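# return a 3D structure for these sequence lines:
(one chain, ligands or ions: 1)
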Amino acid sequence: VHNDVPTSDFSQLFRNVASPDGYLELTGGPIYATAAAGSFFTQVVPSATVDLGMCSNAAHWLREQPSLESPQGMYLADIRGEPREALGAQAARDWLEFLRARAAELAPGARLLVQGIGATRSADGSDQVSASRLLRVMWQVAIRLADDGQLDPEILERYVFPAYCRSVAEVTQPCREGGPLAGELRVISAEVDEVPNPYWKQFERHGDAQAYAKAYVEFVRAFAESTMLEHLFEPGARGTAPDALCDQYFRRLEVATATDPGAGRYEAWVVRFVVARR
Ligand SMILES: C[S@@+](CC[C@H](N)C(=O)[O-])C[C@H]1O[C@@H](n2cnc3c(N)ncnc32)[C@H](O)[C@@H]1O
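Just a heads-up that it's a prediction; the model follows:
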């Protein structure tokens, strides 16, 4: 059973599943593929029906667009003080709702793996938050649009990119002793690993900054465009249509990336979390 939000187009997923490389014809079948359209912050399949669950690269998206002052940047790595605490609290509530829904779906003894971009601390004590260099450059490009009068600076000051990278302590918190789900979910493992960056590896091989910037910004646009259009460019565009401003933004991001490829290099630490249903 595949899950995604109802606005997602499931057709490519079904084509992949039914292709020669898909899993339908694996020995040991028959295997049936289905989909449950709905937000994973609620239950998406009946209670106690899942023996093995997996969620990859999705649980870092917040349920709602944050509403807070963020004049220092648009990402959790650059937000400080009270707004940072509010963002952490919002992400903790989301995570609890996500796990609560999974706990209801899992059968006794079932296991769940959740993996996705996370955060950790380096040996020298500095914070390592996935994608923070990228989001800093994205913020600077947005500031230049505001300086040029094309983007409302007040909208930009309140804009927060709605993804939250959790640490091992944050993912395990609800299931640890005394936590709200300790009676339902038992932590099997929780770890963080740095993941390689294929765009940067290729750039090191060919040295072509333009080609690197094009490929990298295409990747960024694929996950960032819809949310930035809705929450930044639609409310904030001044004198330019939001779609056109969005195009311009990603063109400028490409130019900025080609000019200084290292500045926004993608660094990511993946959190892998496995729990068992008690
Ligand atoms: C980077 S994609 C990962 C897709 C797939 N899990 C994979 O690993 O290839 C993130 C997906 O999470 C989905 N997503 C975000 N918020 C969601 C929610 N609240 N409920 C269900 N899916 C959600 C998005 O629509 C998107 O398809």
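
# got the residues of the stretch 101-250 of the chain near the ligand?
Phe223 (Cβ under 6 Å from any ligand atom). Backbone N, C-alpha and C define where each C-beta goes, glycine included.

# residue of the stretch 101-250 of the chain nearest the ligand, please.
Phe223 (5.9 Å; Cβ to the nearest ligand atom).

# count of neighbours near that residue?
As a burial measure, Phe223 scores 13 neighbours (other Cβ atoms under 10 Å).

# C-terminal to the longest strand along the chain, what's the next element?
Counting by DSSP state E, the longest strand found in the chain is strand 106-121. Later in the chain than strand 106-121, the nearest helix or strand by DSSP states H and E is strand 127-129.

# now do the strands in the stretch 151-278 of the chain.
In the stretch 151-278 of the chain, the strands defined using DSSP state E, counting those that start in this stretch lie at 185-195, 268-277.

# and the contacts of the shortest one?
Contacts of strand 268-277 from elsewhere in the structure, counted by Cβ atoms under 8 Å, 6 or more residues apart in numbering, are 99, 103, 106-120, 128, 130-131, 165-168, 171-172, 175, 184-195, 197.

# put the buried members of the residues you listed into a PyMOL selection.
In PyMOL syntax, the buried subset of the contacts of strand 268-277 is picked out as below (16 or more other Cβ atoms under 10 Å):
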select buried, resi 99+103+106+110+111+112+114+115+116+117+118+119+120+128+130+131+165+166+167+168+171+172+175+184+185+187+190+192
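
# and the closest residue to Cys165 other than its chain neighbours, what is it in contact with?
Counting by Cβ to Cβ, 6 or more residues apart in numbering, Cys165 lies nearest to Ala119, which is 4.3 Å off, once chain neighbours are set aside. Applying Cβ under 8 Å, 6+ apart to Ala119 gives the contacts 127-130, 165-167, 192, 269, 271.

# hmm, 10 Å instead?
60, 76-77, 127-130, 132, 164-170, 192, 269, 271 (Cβ atoms under 10 Å, 6 or more residues apart in numbering).

# how about Ala182?
Ala182 touches 173-176, 278, counting by Cβ under 10 Å, 6+ apart.

# could you dump these to JSON lines with pLDDT?
Listed next are the contacts of Ala182 as JSON lines, based on pLDDT from 0 to 100:
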{"residue": "Gln173", "pLDDT": "98"}
{"residue": "Pro174", "pLDDT": "98"}
{"residue": "Cys175", "pLDDT": "98"}
{"residue": "Arg176", "pLDDT": "96"}
{"residue": "Arg278", "pLDDT": "98"}
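
# list buried residues within those.
So, by 16+ other Cβ under 10 Å, the buried ones in the contacts of Ala182 are 173-175.

# between the residues you listed, which is closest to Glu204?
Gln173 (38.0 Å; Cβ to Cβ).

# number of nearby residues for the closest residue to the closest one other than its chain neighbours?
In this structure, Gln173 finds its nearest non-sequential neighbour in Gly179, 5.8 Å apart by Cβ to Cβ, 6+ apart. Using other Cβ under 10 Å, Gly179 has 16 neighbouring residues.

# pretty sure Gly179 sits against Glu170.
No. Applying Cβ atoms under 10 Å as the test, Gly179 and Glu170 come out as separate, 11.4 Å apart.

# distance of the residue minimising distance to the centre of the chain from Gly28?
Nearest residue to the geometric centre of the chain (Cα atoms, centre = their mean): His60, 4.2 Å. The gap separating His60 from Gly28 is 33 Å, by Cβ to Cβ, to the nearest Å.

# low-confidence ranges, the chain, go.
Counting by pLDDT under 70, the chain shows no low-confidence range.

# helices along that one, start to end?
11-18, 81-105, 132-147, 153-158, 168-172, 198-206, 209-228, 234-236, 242-259 (DSSP state H).

# which strands and helices sit next to the longest one?
Looking back up the chat, that one is helix 81-105. Helix 81-105 sits against strand 50-56, strand 106-121, helix 168-172, strand 185-195, strand 268-277, with contacts defined as 3 or more Cβ pairs under 10 Å, 6 or more residues apart in numbering; DSSP states H and E.

# as TSV, the ones you listed with distance to Asp208 would be great.
Converted to TSV, those look like this (distance: least, Cβ to Cβ, whole Å):
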stretch	distance to Asp208
strand 50-56	31
strand 106-121	27
helix 168-172	38
strand 185-195	23
strand 268-277	23
